[in-house]
Each structure stands twice: as C-alpha cells, then as structure tokens.
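[1] Coordinates for the following, if possible.
(one chain, ligands or ions: 1)
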Amino acid sequence: MHKRFGHDKTGLETRFDAQRIAFAPIVFQATRLLRSTGLLEAVEGRGAEGMTAAEAATETGLSSYAATVLLECGLSADLVAYDNGKFVITTLGAFIRRDEMTAVNMEFIHEVCYLGMHKLEDALKLGEPAGLRVFGEWKTVYEALAHLPENAKSAWLRFDHFYSDAAFPAASRIVLERQPKTMLDIGCNTGKWASLCLARSPELCASLVDLPNQLEMAMQNLREKGLGDRAVPCPVDVLDPHAELPSGFDAVWMSQFLVCFSEDEVRTILRRAGRALRPGGRLWILDTFWDTQRFDAAAYCLINTSPYFTAIANGNSRMYRAEDILALAREEGLALQTTHERLGIYHSLLELAPG
Ligand SMILES: C[S@@+](CC[C@H](N)C(=O)[O-])C[C@H]1O[C@@H](n2cnc3c(N)ncnc32)[C@H](O)[C@@H]1O
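    Residues are numbered from 1 along each chain as shown. Now for the predicted structure:
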C-alpha cells in the first residue's frame, strides 16, 4: 500500500506514535512556552555545555519548578537532550526557536483554534462553527474578524498573510503580463493584493469585494498608499446567492477565498465570478491545494487546517484538492487554461476562462 504519510513501523514504535497523538495538545502548549518564556534561548546560549533547570530558571525568571516541568516536556519531545544534570538544545529545539512558519502556525493554533477545537465534534454534526462561540455569537469568523481579541485577530492576519504574501509577487507578474485594465478582487481582506497590482500597473483599476468591515480596512490601507482613487469598494456578501457581482472585468481574482466556502457555495461563487468577466477575460484562483504539494509537511499542514474551517471559520468548508475546484469550475462552464505551480510557499495559480 502506498502511504503518503508515515512508514511501516514496529509495534513498539507504533505504540509510542499513538501516545504522541494522545498527548499532542500538552506537548504543543509546553513547546510554545519553552519558546515564549526564553527557556530554549537560554539553553541554546550555553551550547554543548548545557544548563541545569535551576540555572535556566534563574536566567528566565521562572521558578525552578516551572523550568523543570517545561524542560522535561521538551526532553520528551526531543527539543532538548539531558546529560549529567544539564539540558542541551537539539536540532529540533533550535528549529522551533527560529523557524518563522512554525511560529506563525503555532500562534494561529493557540490564539484562534485551540479553545474552539474542543467543539469540533459539535461543529461536524451541526455543520456550524461551534467553536467560534469562544469569541462570541457570530455566523462565521469573517464577520467576527474585526471584533476578535487583538491577539487572535493579529494571529489570524499573520497566518493568512504569511502564506498569501509569499505567493503574491510571482502571481502578480503572471496576472499583469496579460495587461488587464480592470480587476475584481473577491475577498480582498486588507487590500494587499490590490495594492501590489495597482502599484505595479498604473493603468489598472481594481474593484474590491468583501464584507463591509474588511472593505473599510482595505480602502484605508489603499488610501494611505495613495492608491485609493483607482480602487472601488463593492460590499457584497457572496453567501447571498442572489447578490450579483459587478461585471465587465479583464481579470477576476480570488486568493485563499474558495476554501472559505462549502462545495455548493463554491459553485454559486464560480458561476457569478464567470459572469463578472468581459469576453476574453480571465478568472484567476490562487490557493493552497494539498494534493499538489511536493513536501509531506506542507500537505500535513493543509489537511490539518480543514478542522479550523469546520470548528472556527464556517462549519462547512475545507482545504480542497485542486481537482475538487476544477471539477466545480467545469460544472459552471469554466475551462482551465493553465496551472502555475509552486508559487510562494504552497500555492498554485489556476487560470480559467469561460468555454
Ligand atoms: C482567507 S481570507 C483571504 C484574503 C486574501 N484574499 C488573501 O489571499 O490573503 C478570505 C477573505 O474572504 C472574505 N469573505 C469571507 N466570507 C465572505 C463573504 N460571505 N462575502 C464576501 N467576502 C467574504 C473574508 O472577509 C476575507 O477577507
């Protein structure tokens, strides 16, 4: 049997793997604290000589008890080694301390997902984001975004931007090569994509679709960059299937957008997005598809982002495979022209046209 994740193991190794999963939330919290309290940094500072828990406590201002509990958890997770009463950093410990993607993912999981994930079972049964209630009474995380506690809001934006920002420069070169004069950015969020394209293409005008709170944020950012006069805000809730989008565009753009919707909703969005194109125009979909990933770590992160959509974001969407979206697009009369693979960290750019 081909296994994408993991390989055949002995019974003992399998038993240990199962316990890693059983204790994963505890190891996650301890790891986060080993980094944020400065314990990993302190231990790393001593190099191969290492440091006792008492010394690490003094250096970080923690109690000796707290330092011992956390460092021993770190030992079990291979973040530190223990020799002769001293803790020494490992390769994994040093990586956790420095890697930006790991930090962005951990912050997102802690601030946005952790508490609400307790309600995953309810969310799966109800098809509603039951875990979002830890933040208040909202139908989706997008309505809640502007009102989330500051830590959760900034972790959400950092997570979203970390991935899309990395893909935007290469994607904008491909999209702007066709010299569009008009572009519709559906799900513009803080306006980062529109701002990049408007700055690179002085002839371009962009219409921005999002929920009212996000549009306000996007327009303010564009005005601050002197690009506001070529941007038109279009507040549309795409969940209302009767809400039409403006039309006549050379380019319709959706980045990390369709993942926010169920398959039925994606169908109605694609139908309306296709209608928004002028003849000869192109529909561009930039997204992270787990089946197109070269590295297992990327596919692992994407697949495990789906339960966030279930429990926190909306209750009914997931990280799709590219073929899932292409099949829905075909049903809506949109044909794939080209796929541009491996932009930024995880992204594919699908170029579609009616036909
Ligand atoms: C995951 S973010 C992607 C943002 C941006 N395109 C990017 O690539 O970083 C999804 C965006 O879709 C917007 N959105 C979600 N539900 C929406 C709805 N029902 N109508 C309009 N926009 C919506 C959200 O407010 C958010 O800005």
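
[2] Helix or strand: which one has the residue of the stretch 1-150 of the chain found nearest the ligand?
    Across the stretch 1-150 of the chain, no residue is closer to the ligand than Y142, which sits at 3.6 Å (Cβ to the nearest ligand atom). Where C-beta positions appear, they are placed from N, C-alpha and C, glycine not excepted. Assigned by DSSP states H and E, Y142 belongs to helix 141-144.

[3] same deal with H340?
    strand 334-343.

[4] residues of the helix or strand following that strand that come out buried?
    Downstream of strand 334-343, the first helix or strand assigned by DSSP H and E is strand 347-354. For strand 347-354, burial by neighbour count (16 or more other Cβ atoms under 10 Å) applies to 347-353.

[5] Next one: the closest residue in space to Y346 that isn't next to it in sequence from the ligand, what distance?
    Residue nearest to Y346 in three dimensions, not counting chain neighbours: T288, with 4.2 Å by Cβ to Cβ, 6 or more residues apart in numbering. As judged by Cβ to the nearest ligand atom, to the nearest Å, T288 and the ligand stand 10 Å apart.

[6] Tell me the helices and strands packed up against the next helix or strand along the chain from the helix holding Y142.
    The helix or strand immediately downstream of helix 141-144 is helix 150-176, counting by DSSP H and E. Helix 150-176 sits against helix 100-108, helix 192-200, strand 249-255, strand 277-287, strand 334-343, strand 347-354, with contacts defined as 3 or more Cβ pairs under 8 Å, 6 or more residues apart in numbering; DSSP states H and E.

[7] in the protein, which spans are strands?
    80-83, 86-89, 182-186, 205-210, 231-235, 249-255, 277-287, 334-343, 347-354 (DSSP state E).

[8] Out of these, flag the one nearest E100.
    strand 347-354 (17.1 Å; Cβ to Cβ).

[9] got the angle for the closest one vs strand 334-343?
    160 degrees (axes from the mean of the first three to the mean of the last three Cα atoms, to 10 degrees).

[10] Could you see whether the ligand lies near strand 347-354?
    No. Residues of strand 347-354 are not located near the ligand by Cβ under 6 Å from any ligand atom, the shortest gap being 9.4 Å.

[11] So which elements touch that strand?
    helix 150-176, strand 277-287, helix 322-331, strand 334-343.

[12] sorry, back to before: mean pLDDT added to the helices and strands packed on helix 150-176, as JSON lines?
    JSON lines is the format used below for these (pLDDT from 0 to 100):
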{"stretch": "helix 100-108", "mean pLDDT": "97"}
{"stretch": "helix 192-200", "mean pLDDT": "98"}
{"stretch": "strand 249-255", "mean pLDDT": "98"}
{"stretch": "strand 277-287", "mean pLDDT": "98"}
{"stretch": "strand 334-343", "mean pLDDT": "96"}
{"stretch": "strand 347-354", "mean pLDDT": "97"}
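
[13] How many neighbouring residues does the residue nearest to Y346 have?
    24 (other Cβ atoms under 10 Å).

[14] Smallest gap between the stretch 201-350 of the chain and the ligand, at which residue?
    Closest contact between the stretch 201-350 of the chain and the ligand, by Cβ to the nearest ligand atom, is at S255 (3.3 Å).

[15] Give me the distance between the residue nearest to that residue when sequence neighbours are not counted and G315.
    Distances taken as Cβ to Cβ, 6+ apart put L286 closest to S255, at 4.1 Å, once the chain neighbours are dropped. Plainly put, L286 is 24 Å away from G315 if you go by Cβ to Cβ, to the nearest Å.

[16] The two - which one has more neighbours?
    L286 (26 against 22).

[17] Good, wrapping up.
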